[in-house]
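give me coordinates for this.
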Amino acid sequence: MEEIRLLKEKLETQASKISALEKKILSYEKKTTCVKNDASNADKKAIDSRIDEKIKQKFPMFEWCAGLETGIGVTTVAQGVYNANGNNEPLKRNIIDGSYSLDLTFSKQFDNYGKAFILLEQGNGSNVEDELQVFSNVNFDADNDNNVRATEVWYEHYFKDMNVPLAVTFGKIDPTLFIDDNSYANDETTQFLGRTFRNSPVIEFPDNALGVRMGYDFGEKVSADFLAVDGDSDWENIFDGMFYAGEINIKPSFLSREGNYRFSAWVNTQNHTEWLDSKRNKEYGYGFGTSCDQEITDSLGVFARYGWQNPKVYINSATDFSLEHAYSAGMRVKGLWWNREKDDAAIAFGQIFASKYYKKAGLEIGLDRKANPENHLECHYNCAINEHFTLTPDLQIIWNPYGGDALNGSKEILVGGIRAQINF
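Numbers count the residues shown, from 1 in each chain. Next up, the predicted model:
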């Protein structure tokens, strides 16, 4: 028995030594693998670094394009009109027309000091706009220009490194990005199609043109913008006719809800002519306005606009009519109420008032112009089919088109349509 006990002890000792040896071998294998992996990773990083360096040398734009963001938007609109009243239209003609537009954007953020932006646009079709005689038309998205063109090209610089809350934007800019903005009524591709609800019809906004904008933040609740743009957008004799505008935005938090209360003023130094004295043909146009939006609940938001401009004059390049003031108001409801959180519905009403001097000038040449207010109503429903595709039925009604003075009928105009929006 003693011999068996001793043999058992020897076997246990040998098993312990074998186990310790196995642990050492396993530990060694792990260290060897790590060393190999580290060497492999280091080699890979070195190779990638050399490849990147060669690409940068051969293609200098490679480094600049890093972080470049792009976007594509396609908007298609089909509209049918009842009681088209254009000068060349038969009485009570009913028409169905279409249009589409393509937007391609490129943007690049430069750390915390600047941003570059380019917008390319192309489109086709005037839709029903060329068959209506109205103060403010029904499809802001209509773009009857088949040429691909750069409609915005600008650089924006921030002065954060100097602890100054100032941003300066320079280049070919869209003035409506900075003046008369509105959270619920400023985008024809996702919000209202009617022009009177997209921007105030009594601000003489020039087309996108060479200009400069300065924006300053007076804390979280107040900001200001100043804008100077070529008034006729022709890139020649730029300072002979400038459009200047300034806006203050007050952003209170009523009941912890976001709101914007914007107050603006503008002047257009292009030559204007007085309605009642055509010899005075080098006058200025000017005006003021307000654009407000307020969130009420998670689902409900409201907005309102008002604007006034000098009614005594008209810009020399447009003599058919001139306006004095206009207002609009509306609301947007998100689909949270009916379990469609990506949908929304909106409705708005507005009135546009012709210049009283425009009416008086008609009497002097034997025209008894009614110059009544033109009334607009629009409602739409954005139905999100998926993350990238939205269908929007849209209805517009216009009372007293062209102030009741349209040559081919002043009955109520009914415009029904549908908008398809694709973003990716």
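
how about low-confidence regions in the stretch 301-424 of the chain?
Residues of the stretch 301-424 of the chain meeting the criterion pLDDT under 70: 318-319.

which stretches of it form helices?
356-364 (DSSP state H, counting those that start in this stretch).

strands along that one, start to end?
313-315, 323-334, 344-354, 374-384, 389-399, 413-423 (DSSP state E, counting those that start in this stretch).

columns distance to residue 228 and mean neighbour count on top of those, output as CSV?
In short, each C-beta sits where N, CA and C put it, glycine included. CSV is the format used below for the strands of the stretch 301-424 of the chain (distance: least, C-beta to C-beta, whole Å; neighbours: other C-beta atoms under 10 Å):
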stretch, distance to residue 228, mean neighbour count
strand 313-315, 18, 22
strand 323-334, 23, 21
strand 344-354, 27, 21
strand 374-384, 31, 20
strand 389-399, 34, 19
strand 413-423, 32, 19
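
okay, the ones you listed in CSV with distance to residue 149 next?
Shown next, in CSV, are the strands of the stretch 301-424 of the chain (distance: least, C-beta to C-beta, whole Å):
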stretch, distance to residue 149
strand 313-315, 24
strand 323-334, 29
strand 344-354, 30
strand 374-384, 28
strand 389-399, 26
strand 413-423, 20
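
those strands: which one's closest to residue 66?
strand 413-423 (23.6 Å; C-beta to C-beta).

quick one on the thing from earlier: quick one, which of the strands of the stretch 301-424 of the chain gets closest to residue 263.
Of all the strands of the stretch 301-424 of the chain, it is strand 323-334 that lies closest to residue 263, at 14.6 Å by C-beta to C-beta.

what's the closest of the strands of the stretch 301-424 of the chain to residue 127?
Closest to residue 127 of these is strand 413-423 (C-beta to C-beta; 8.1 Å).

to residue 116, which of the strands of the stretch 301-424 of the chain lies closest?
Across the strands of the stretch 301-424 of the chain, closest to residue 116 is strand 413-423 (C-beta to C-beta), at 21.0 Å.

neighbours of the residue lying closest to residue 170 once chain neighbours are set aside, how many?
For residue 170, ignoring the flanking residues on the chain, the nearest one in space by C-beta to C-beta, 6 or more residues apart in numbering is residue 212 at 5.0 Å. Neighbour count of residue 212, defined by other C-beta atoms under 10 Å: 14.

quick one, domains of this structure?
20-66, 67-423 (automatic domain parsing).

thinking again about what came up before, check which helices and strands the helix or strand encompassing the residue nearest to residue 170 sits against.
Here residue 212, judged by DSSP states H and E, is contained in strand 209-217. Strand 209-217 sits against strand 166-173, strand 222-230, with contacts defined as 3 or more C-beta pairs under 8 Å, 6 or more residues apart in numbering; DSSP states H and E.

and the domains of the chain, which is most packed in?
Comparing the domains of the chain by mean neighbour count (mean count of other C-beta atoms under 10 Å), domain 67-423 ranks first with a mean of 18.

would you turn the helices and strands packed on strand 209-217 into CSV with mean pLDDT and distance to residue 393?
Below are those laid out as CSV (pLDDT from 0 to 100; distance: least, C-beta to C-beta, whole Å):
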stretch, mean pLDDT, distance to residue 393
strand 166-173, 96, 33
strand 222-230, 97, 35
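
quick one: contacts of the strand holding residue 212?
165-173, 175, 178, 223-233, 235, 238, 243 (C-beta atoms under 8 Å, 6 or more residues apart in numbering).

and it with strand 222-230, angle?
With axes from the mean of the first three to the mean of the last three C-alpha atoms, to 10 degrees defining the directions, strand 209-217 sits at 170 degrees from strand 222-230.

CA-only coordinates of stretch 216-225 in PDB, if you can.
What follows is stretch 216-225 as a C-alpha-only set of coordinates in PDB (Å, rounded to 0.1, in the frame of the first residue of the first chain):
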ATOM      1  CA  TYR A 216     -24.400  88.800 -35.300                       C
ATOM      2  CA  ASP A 217     -25.700  86.900 -32.200                       C
ATOM      3  CA  PHE A 218     -26.500  89.000 -29.200                       C
ATOM      4  CA  GLY A 219     -26.700  86.000 -27.000                       C
ATOM      5  CA  GLU A 220     -29.200  83.100 -27.400                       C
ATOM      6  CA  LYS A 221     -32.300  85.200 -27.600                       C
ATOM      7  CA  VAL A 222     -31.500  87.900 -30.100                       C
ATOM      8  CA  SER A 223     -29.700  87.900 -33.500                       C
ATOM      9  CA  ALA A 224     -29.300  90.400 -36.300                       C
ATOM     10  CA  ASP A 225     -28.500  90.200 -40.000                       C
END
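
gap between that stretch and the chain center?
Relative to the centre of its chain, stretch 216-225 is centred 20 Å away, using C-alpha atoms, centre = their mean, to the nearest Å.
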